[in-house]
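S.K.: The sequence isn't on hand, but the structure is:
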């Protein structure tokens, strides 16, 4: 039995550790040689600056970084001090021990600064299927390729890549990540907290002043003069595309994110989200009166708002920059645009496909002789997975694969100069458990729950043969895939595709902080009220903490293997581009 005095001592030690200094970058951070970052020490109390001692590998921090930082005696007006030094870098590879003492307490963290070899790849293309789970990939293969006697009749382009790994996705503050900090790990090589991108989330009130870390978009421009492209079918201010450039603790800061886009000036920027480029007087959402579409145009960017404009402008040999905004909010997915004409298609009928966006980006970016970095997101996979809208999520996975195939074909014609990576930023807890037998004529009185076929009763789905792009023309067939989520709000399960528009499983509850099942689906034949397993404050399915799949091809892809952390995806790209070898 542990003696009470021992327990008390342990609690005191634990409390002391909890109250010690916080150092950014955090313990075990891996830092690319020459990459810029902000150095910060947060003290839990007001500190006498004369008693401060901050060292880097035993040397005073100011000497190690080449200059002194700013000491803040009372941060945010509270009795808590801080030391901040912006835009520093370390060049010597190896372990770095940082120790901060206020004369009473001290804290020590260890970083690793790493080097790269010479440049291997001229271009890097990073494809992100936002929220793409293994079930999405398998379902996309089944629908777009078909299956007979247990063997697929073809493979996805993302499957036919020679290198594969499992990627862990946890953030610095939670085992469950979101799209901001997960994409930020790919873009910077640093962990961050939920909702944060390009920063370590500190304790200050201001979401835009947190300690920053340099993004790959900044690095490739600054060190190699490469072009940068960011392509998505979500709002371009949304977490994944924004993480390639932005620095903010709060992903919802859409107006400042647009400002940061303009400051960074990526060569190609394509997606939805035009509303936050425009002031309210111009039918936008901005809280200020700045027209950023006009600003981009004045800075030399052709602006396109339809597929036809995009294709025409990108084909012009003189086009070196391009802004495309194709919806006020998120763009519509493949199922609605190509078949159902739901969602926002009536309002924005000329939205390009992701493949058209990628082709336009390749046309423009490849005109830069120094090469390019391109991030492509199929972002609505995640949005639909949150809404338990499985068919739409699968069709957008097929669309992502079509874009991957286009890029692979483009790269193969150029020789071995382009690294292509395909990965999800995080997963959703979805599983493909069988099929749903919807043959009402044969079994008219069987409730839908009993129509879920598992094991031998699952058989094979009977979707129509896919078209040239891999899409079956119908999803409401008599034997379709049964994909269910393990994270559920209260909702009516209809066991059927939502043909009249994207699914809306919940509405606001009687208490405005809660959600309840959307009774829109209550009277659908066969609908079942399914009590959820999530807190009432959550109105949709949530992310899961499983590893995601990364596949890769091209120079530098041999580093993709086994089990990796999401920060290592950045390192794969940095090493392929020789980002630390510049100037040696």
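M.R.: Looks like it came in fine. Just so we're clear, the structure is a prediction, and the values are computed from it rather than from any experiment. Residues are numbered from 1 along each chain as shown.
S.K.: At which residues are the helices of the stretch 251-400 of the chain located?
M.R.: For the stretch 251-400 of the chain, the helices identified by DSSP state H, counting those that start in this stretch occupy 254-264, 292-298, 307-315, 334-335, 354-365, 380-386, 390-412, in order along the chain.
S.K.: Can you lay out these as CSV showing mean neighbour count, mean pLDDT and distance to residue 150?
M.R.: Glycine gets a C-beta too; all of them are placed from N, C-alpha and C. Below are those laid out as CSV (neighbours: other C-beta atoms under 10 Å; pLDDT from 0 to 100; distance: least, C-beta to C-beta, whole Å):
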stretch, mean neighbour count, mean pLDDT, distance to residue 150
helix 254-264, 19, 98, 47
helix 292-298, 16, 98, 52
helix 307-315, 17, 98, 39
helix 334-335, 27, 98, 27
helix 354-365, 24, 98, 30
helix 380-386, 27, 98, 26
helix 390-412, 24, 98, 20
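S.K.: Residue 348 is nearest to which of those?
M.R.: Shortest separation from residue 348 across the helices of the stretch 251-400 of the chain is recorded for helix 307-315, at 10.3 Å, computed as C-beta to C-beta.
S.K.: helices or strands up against that closest one?
M.R.: In this structure, helix 307-315 packs against strand 322-325, helix 354-365, with contacts taken as 3 or more C-beta pairs under 8 Å, 6 or more residues apart in numbering; DSSP states H and E.
S.K.: which residue ranges form the helices in this protein?
M.R.: According to DSSP state H, the chain carries its helices in the segments 4-18, 61-65, 134-145, 179-188, 216-224, 239-243, 254-264, 292-298, 307-315, 334-335, 354-365, 380-386, 390-412, 567-576.
S.K.: of those, which approaches residue 560 most closely?
M.R.: Each of those was scored for nearness to residue 560 using C-beta to C-beta, and the closest is helix 567-576 (6.2 Å).
S.K.: ok now the closest one, how far from the chain's centre?
M.R.: When C-alpha coordinates are averaged (C-alpha atoms, centre = their mean, to the nearest Å), helix 567-576 and its chain have centres 16 Å apart.
S.K.: relative orientation of it and helix 216-224 in degrees?
M.R.: Going by axes from the mean of the first three to the mean of the last three C-alpha atoms, to 10 degrees, helix 567-576 is angled at 20 degrees with respect to helix 216-224.
S.K.: Helix 567-576 versus helix 179-188: what angle between them?
M.R.: Taking the same axes, to 10 degrees, one finds that helix 567-576 is oriented at 30 degrees with respect to helix 179-188.
S.K.: For helix 567-576, which outside residues touch it?
M.R.: 30, 32, 114, 116-117, 119-121, 124, 126, 167, 185-191, 216, 219, 373, 419, 421, 423, 550, 552, 554-557, 559-560, 580 (C-beta atoms under 8 Å, 6 or more residues apart in numbering).
S.K.: same check, this time on stretch 37-47
M.R.: Contacts of stretch 37-47 with the rest of the structure, by C-beta under 8 Å, 6+ apart, involve 19-25, 31, 54, 61, 65, 69, 73-75, 79-89, 100, 102-103, 190, 200, 202-203, 211-214.
S.K.: If any of the residues you listed are buried, put those into a ChimeraX selection.
M.R.: Applying 16 or more other C-beta atoms under 10 Å to these, the buried members can be selected in ChimeraX as follows:
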select :20,21,22,23,24,25,31,54,61,65,69,75,80,81,82,83,84,85,88,100,102,190,200,202,211,212,213,214
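S.K.: The helices of the stretch 251-400 of the chain: which one's closest to residue 237?
M.R.: Within the helices of the stretch 251-400 of the chain, the stretch nearest residue 237 is helix 254-264; the backing value is 4.2 Å (C-beta to C-beta).
S.K.: How far off centre is the closest one?
M.R.: Averaging C-alpha coordinates over helix 254-264 and over its chain gives two centres that are 17 Å apart (C-alpha atoms, centre = their mean).
S.K.: among the helices and strands packed on helix 307-315, which is nearest residue 140?
M.R.: Between residue 140 and the helices and strands packed on helix 307-315, the shortest separation by C-beta to C-beta is 13.4 Å, and it involves helix 354-365.
S.K.: hang on, the earlier thing: could you dump the helices of the stretch 251-400 of the chain into a markdown table and include distance to residue 489?
M.R.: Converted to a markdown table, the helices of the stretch 251-400 of the chain look like this (distance: least, C-beta to C-beta, whole Å):
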| stretch | distance to residue 489 |
| --- | --- |
| helix 254-264 | 25 |
| helix 292-298 | 36 |
| helix 307-315 | 35 |
| helix 334-335 | 22 |
| helix 354-365 | 29 |
| helix 380-386 | 10 |
| helix 390-412 | 15 |
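S.K.: would you list the helices and strands packed on helix 307-315 in a markdown table and tack on distance to residue 238?
M.R.: Below are those laid out as a markdown table (distance: least, C-beta to C-beta, whole Å):
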| stretch | distance to residue 238 |
| --- | --- |
| strand 322-325 | 13 |
| helix 354-365 | 15 |
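S.K.: Nearest to residue 377, out of these?
M.R.: For those, distance to residue 377 was read as C-beta to C-beta. The smallest value, 8.8 Å, belongs to helix 354-365.
S.K.: for the closest one, packing partners?
M.R.: Judged by 3+ C-beta pairs under 8 Å, 6+ apart, helix 354-365 is in contact with strand 227-235, strand 268-272, helix 307-315, strand 322-325, strand 372-378, helix 390-412.
S.K.: who touches it?
M.R.: Outside of helix 354-365, the residues within contact range by C-beta under 8 Å, 6+ apart are 123, 227-229, 231, 233, 267-268, 270-271, 307, 310-311, 313-315, 319-322, 324, 334, 352, 372, 374, 376, 378, 399-400, 402-403, 406-407, 410.
S.K.: quick one: that helix to strand 268-272, angle?
M.R.: Comparing the axes of helix 354-365 and strand 268-272 via the same axes, to 10 degrees yields an angle of 160 degrees.
S.K.: check contacts around the residue lying closest to residue 483 once chain neighbours are set aside.
M.R.: Nearest in space to residue 483, with sequence neighbours left out and distances taken as C-beta to C-beta, 6 or more residues apart in numbering, is residue 390 at 4.3 Å. Neighbouring residues of residue 390 by C-beta under 8 Å, 6+ apart: 139, 384, 430, 481, 483.
S.K.: next one: residue 565
M.R.: By C-beta under 8 Å, 6+ apart, the residues touching residue 565 are 167, 168, 185.
S.K.: Can you lay out those residues as CSV showing neighbour count, distance to residue 510 and pLDDT?
M.R.: Compiled in CSV, these are given as follows (neighbours: other C-beta atoms under 10 Å; distance: C-beta to C-beta, whole Å; pLDDT from 0 to 100):
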residue, neighbour count, distance to residue 510, pLDDT
167, 24, 41, 98
168, 17, 40, 98
185, 28, 39, 98
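S.K.: so which of those would you say is closest to residue 439?
M.R.: residue 167 (40.4 Å).
S.K.: among the contacts of stretch 37-47, which are in strands?
M.R.: Within these, residues falling in strands by DSSP state E are 22-24, 31, 54, 82-88, 100.
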